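Student: quick one, what's the 3D model for this:
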Amino acid sequence: MEESQKKNIRFAGKGDISRFFMDVDEAIEKFKQKEAQGEIGQDQINELYQLAMPLQQRLNKGLFGADSLLKKVARATVNDQQAAELKKRQRNQEKRKLELAYAAYVGNLNRHVPMTTKQRDAFLGLLRNDVKISNPSGQYLTYVIMIKLSELPAEKIEAIFDDAQLNAIRSMFPQAKMIKASLKQMGAWDE
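Tutor: Residues are numbered from 1 along each chain as shown. Now for the predicted structure:
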């Protein structure tokens, strides 16, 4: 990538970040105005929450999404060969991140639900093959894995674990439903 291309893309990224912080400053200013007027009752708290929630959602999703200035400038700046190479790198990076997330999930679960090597391997295979995640870059990836696992057909999990292990794993599923509802409310569920 040429230096001029990098410069344009960096500039666009700084623009996205600046725009976000201007919106944060605007929300803070509105809060300070309400506070100075002594108008901080329950209704105002709800209003302030409504100011903060979209900012939190933008931050959770990432400032450089498809509609960001950075993405628009990058699409216009790189040539076809560079775009193909970038997409290939991104796919590889997402695959590696997902593989690490699956392995970490199995490792963490193994601390609470001890497994044999055969069970760990089978469980990791189940995650790789049956837990499809559309956004492996999300910050809530571990929760997404748990939610997707809770939605799998029971027989897939039953084929790997004994009854005691199954009971321990199933005891996490109600929590997964609550987390999914929270992620949806925050705008962080994009599966």
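Student: quick one: least confident helix or strand in the chain?
Tutor: Taking mean pLDDT, DSSP states H and E as the measure, helix 42-61 is the helix or strand of the chain with the lowest mean score, a mean of 77.
Student: buried stuff in that one?
Tutor: Neighbour-count burial for helix 42-61, with 16 or more other Cβ atoms under 10 Å as criterion, is recorded at Glu47, Leu48, Leu51, Arg58, Asn60, Lys61. Quick note: C-beta positions are derived from backbone N, CA and C, even for glycine.
Student: stretch 154-167 too?
Tutor: For stretch 154-167, burial by neighbour count (16+ other Cβ under 10 Å) applies to Ile157, Ile160, Phe161, Gln165.
Student: from Ala74, how far off is the first one?
Tutor: This means Ile157. Look at Ile157 and Ala74: by Cβ to Cβ, to the nearest Å, they are 41 Å apart.
Student: one step back: can you redo the buried residues of stretch 154-167 as TSV with secondary structure, pLDDT and distance to Asp67?
Tutor: As requested, the buried residues of stretch 154-167 are arranged in TSV below (DSSP: H, G, I helix; E, B strand; the rest coil; pLDDT from 0 to 100; distance: Cβ to Cβ, whole Å):
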residue	secondary structure	pLDDT	distance to Asp67
Ile157	helix	95	38
Ile160	coil	96	41
Phe161	coil	96	43
Gln165	helix	95	44
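Student: okay, those in JSON lines with distance to Asp190 next?
Tutor: JSON lines is the format used below for the buried residues of stretch 154-167 (distance: Cβ to Cβ, whole Å):
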{"residue": "Ile157", "distance to Asp190": "25"}
{"residue": "Ile160", "distance to Asp190": "28"}
{"residue": "Phe161", "distance to Asp190": "30"}
{"residue": "Gln165", "distance to Asp190": "31"}
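Student: out of those, which is nearest to Gln175?
Tutor: When the buried residues of stretch 154-167 are compared for distance to Gln175, the smallest value, 15.9 Å, is given by Ile157; criterion: Cβ to Cβ.
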